[in-house]
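**Q** Show me the folded form of this:
(chains A and B, ligands or ions: 2)
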Amino acid sequence: MAYSEKVIDHYQNPKNVGTLDKSKSNVGTGLVGAPECGDVMRLQIEVDDATGLIKDARFKTFGCGSAIASSSLATEWLKGKTVDEALTIDNMTIVEELNLPPVKIHCSVLAEDAIKAAINDYRVKNGMEALKLDDKVVH
Amino acid sequence: MLKLPIYLDNNATTPMDPRVLEAMIPYFTEKFGNAASRNHPFGWEGEEAVDYAREQVAKLIGADPKEIIFTSGATEGDNLAIKGVFEMYASKGNHIITATTEHKAVLDACKHIEKLGGEVTYLEVKPDGLIDLAQLEAAIKPTTILIAIMYANNEVGVIQPVKEISAIAKRHGVLFFTDGTQAVGKIPVDVNKDGIDLMAFSGHKMYGPKGVGAIYVRRKNPRVKVTAQMDGGGHERGMRSGTLNVPGIVGLGKACELCMLDMEADTKRISAMRDKLENALLKLEEAYVNGSKEHRLPHVSNISFKYVEGEGLMMGFNKNIAVSSGSACTSASLEPSYVLKALGLGDDLAHSSLRFGLGRFTTEDQIDYTIEQVSNTVLKLREMSPLWEMFKEGIDLNSIEWAHH
Ligand SMILES: Cc1ncc(COP(=O)(O)O)c(C=O)c1O
Ligand code: FES
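**A** Ligands and ions are numbered 1, 2, ... in the order given. Okay, the predicted model is just below:
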């Protein structure tokens, strides 16, 4: 199976690989997937306390090229959004942007799950209630 | 000059040797006769070519030419041996013993047998991939008619103790079938010294053409028979009907002859390159060879690079280097390799595996390039891997509650 140009580009030049200090109250961390399933994604957001905007986003991913590309793209999209806006990022938008084939849809689902998990971590840390996440997993 | 892409997937298929092609070409056009046409020179020419190929094939495995039945490949051979013995020996029993690391052609033929009322024992293998001989012997019952254990495994290259297996089979009056697809032409295989009763193998794994193979069926001590699985003109001593694929068979014969001629030199050169590749890649931290290193084909190396996923890893170089992975991400079923799991590898290690299959046309500079590319990609992806970061921080990955799907 050939990869789309965009997947290859994110894979070769991933955006925002890295680690934020998860002990800080304005950093939310989402760790999703499992090593046994062949994919683990960690996505982190750092929120600007004054503006409420996501000022940094970082990822590390164990998984296929599509999983790496999905998380790289997600971090790009997260930056500059408010936390509420970030919640609207949908896995199918990732699928369309990266041109993922059907067998790779679950890699994008993982990215969406990671975003939501990071946001929830941030919410809980800051005295808000965790959002109930609907199960979208297509494994 | 290094020419890209580099092919290191010779367990999937091999390129055809140009000498094989040369031998085949006349049989497509000028010498097109049907080998079963007994009454004109076109037929005689075809028959002669098939007879000669039968000798070439038999010689490679120490058999008599009459014991060679041409097939369309090893899948057909595996099916013919298992289903054919099951039918032919129905009055003696209905129990077959095989192993969990066999090729799907064997496993699925066994599943089929179970549907027909047969009984199959699937032996587990030891962590090194070898079967346990005591377990094998203990599994034999009065109803056992066949032991089906492969000569060498296609994913990890592990070679089974064939001589010991055949001795056990003989002691209990059970037939022994071996899938020799990965072994024949690569390492010395001798049906008499090895005590093999039936063996399937395939042209395209030994620098011959695709879509042609053979099955060895012993004629003496004991005389073995299989029930044909295809009805028709009664070709190949009634065991395999269908007009013979003369060019393919000529190619298979030539491929066998060349394997015999080149085996020693090929093995020496290829195994030195395999060892060089393996030793260099094992210098990376947390890299492990899968399967026995001692009982192994000379041209295969299956390595897990912990904390990176196989498909993601291949993407780093698969425009230039062709290998394969046991990762789920590469499979349609999203399940990691059942062979690696049967060796007791955790799913995480199975996902992280690459199989390197060297061959007759592999060169030293290809290996040097591969070492560099694979090492760099592993290092790059580990920098991107959350698991690698946790490992480096001393976090026990088993202590984390993963969200399993
Ligand atoms: C061990 C083994 N058995 C059987 C087969 C099937 O062979 P063929 O492609 O000739 O049907 C293969 C090839 O994938 C193999 O490696
Ligand atoms: S992470 Fe397994 S298919 Fe993408």
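
**Q** Would you mind confirming that B:Leu198 makes contact with B:Val217?
**A** Yes - B:Leu198 is within contact range of B:Val217, at 5.6 Å (criterion: Cβ atoms under 8 Å). For the C-beta atoms, the positions are set from N, CA and C on the backbone; glycine is no exception.

**Q** Need the overlap of contacts for the two.
**A** Residues touching both B:Leu198 and B:Val217 (Cβ atoms under 8 Å, 6 or more residues apart in numbering or on different chains) are B:Val224, B:Val226.

**Q** Which residue, neighbours along the chain excluded, lies closest to B:Gly33?
**A** B:Phe42 (3.1 Å; Cβ to Cβ, 6 or more residues apart in numbering or on different chains).

**Q** Report whether the one you found is found in a strand, as I expect.
**A** No - B:Phe42: not assigned to a strand; according to DSSP: H, G, I helix; E, B strand; the rest coil it is helix.

**Q** Number of residues surrounding B:His172?
**A** The number of residues packed near B:His172 is 13, by other Cβ atoms under 10 Å in any protein chain shown.

**Q** Would you map the helices across chain A?
**A** Ranges of helices in chain A, per DSSP state H, are A:5-12, A:65-78, A:83-86, A:91-98, A:105-125.

**Q** do the same with chain B
**A** Going by DSSP H, chain B shows helices at B:18-24, B:41-60, B:74-88, B:104-115, B:133-139, B:162-171, B:246-281, B:310-315, B:338-342, B:347-351, B:364-383, B:386-392.

**Q** State the mean pLDDT of the third one.
**A** Meaning helix B:74-88. Helix B:74-88 comes out with an average pLDDT of 98.

**Q** Would you mind stating the distance between the residue positioned nearest the centre of chain B and A:Gln12?
**A** With distances taken as Cα atoms, centre = their mean, the residue of chain B nearest its centroid is B:Gln182 (3.3 Å). Note on B:Gln182: its distance to A:Gln12, by Cβ to Cβ, to the nearest Å, is 35 Å.

**Q** of the helices of chain B, which approaches A:Asn126 most closely?
**A** Closest approach to A:Asn126 among the helices of chain B is made by helix B:386-392 (23.4 Å; Cβ to Cβ).

**Q** at contact distance from ligand 2, anything in that closest one?
**A** No - counting by Cβ under 6 Å from any ligand atom, ligand 2 is not contacted by helix B:386-392; separation bottoms out at 12.7 Å.

**Q** Distance from that helix to the middle of the chain?
**A** Centroid separation between helix B:386-392 and its chain, computed with Cα atoms, centre = their mean, to the nearest Å, is 36 Å.

**Q** by contact count, what packs against it?
**A** Contact analysis of helix B:386-392 by 3 or more Cβ pairs under 8 Å, 6 or more residues apart in numbering or on different chains; DSSP states H and E lists strand A:39-47, strand A:54-62 as its packing neighbours.

**Q** looking at the ones you listed, which is buried most?
**A** strand A:39-47 (a mean of 26; mean count of other Cβ atoms under 10 Å in any protein chain shown).

**Q** report the angle between the axes of that one and helix A:65-78?
**A** Relative orientation of strand A:39-47 with respect to helix A:65-78: 10 degrees, computed using axes from the mean of the first three to the mean of the last three Cα atoms, to 10 degrees.

**Q** Can you tell me the strand partners of strand A:39-47 and which way each runs?
**A** strand A:27-34 (antiparallel), strand A:54-62 (antiparallel) (DSSP bridges).

**Q** what about that strand, average pLDDT?
**A** On average, strand A:39-47 scores 96.

**Q** and what of stretch B:169-188?
**A** 98.

**Q** Could you give the separation of it from the chain centroid?
**A** Worked out by Cα atoms, centre = their mean, stretch B:169-188 lies 12 Å from the chain centre.

**Q** For B:Ala148, which residues count as its bridge partners?
**A** Applying DSSP bridges, one finds that B:Ala148 bridges with B:Phe177.

**Q** State the distance from it to B:Ile113.
**A** B:Ala148 is 10 Å from B:Ile113, by Cβ to Cβ.

**Q** Now the common contact residues for those two.
**A** Counting by Cβ under 8 Å, 6+ apart, the residues touching both B:Ala148 and B:Ile113 are B:Ile82, B:Ile96.

**Q** Tell me which of those two has more neighbours.
**A** B:Ala148 (25 against 22).

**Q** How about the contacts made by the more buried one?
**A** B:Ala81, B:Ile82, B:Ile96, B:Ile97, B:Thr98, B:Glu102, B:Val106, B:Cys110, B:Phe177, B:Thr178, B:Asp179.

**Q** which stretches of chain A have low pLDDT?
**A** Applying pLDDT under 70 to chain A picks out residues A:1, A:134-139.

**Q** So which bits of chain A are right by ligand 2?
**A** A:Gly38, A:Asp39, A:Gly63, A:Cys64, A:Ser66, A:Ala67, A:Lys104, A:Cys107.

**Q** what's near enough to touch the residue nearest to the first one when sequence neighbours are not counted?
**A** It refers to A:Gly38. Nearest residue to A:Gly38 in three dimensions, chain neighbours excluded: B:His351, at 4.0 Å (Cβ to Cβ, 6+ apart). B:His351 makes contacts with A:Pro35, A:Glu36, A:Gly38, B:Glu309, B:Gly310, B:Gly326, B:Ser327, B:Ala328, B:Cys329, B:Pro336, as judged by Cβ under 8 Å, 6+ apart.

**Q** Can you tell me which of those residues is nearest ligand 2?
**A** Minimum distance to ligand 2 across these is 3.3 Å, recorded for B:Cys329 (Cβ to the nearest ligand atom).

**Q** Check whether the helix or strand of chain B with the lowest mean pLDDT comes near ligand 2.
**A** Every helix and strand of chain B was ranked by mean pLDDT, DSSP states H and E. The lowest is helix B:347-351, at a mean of 89. No - remark: helix B:347-351 sits outside contact range of ligand 2, by Cβ under 6 Å from any ligand atom, the gap being at least 7.9 Å.

**Q** tally of neighbours for B:Lys392?
**A** 12.

**Q** what pLDDT does it get?
**A** pLDDT recorded at B:Lys392 is 96.

**Q** First-to-last residue distance for stretch B:206-225?
**A** The first and final residues of stretch B:206-225 sit 26 Å from each other (Cα to Cα, to the nearest Å).
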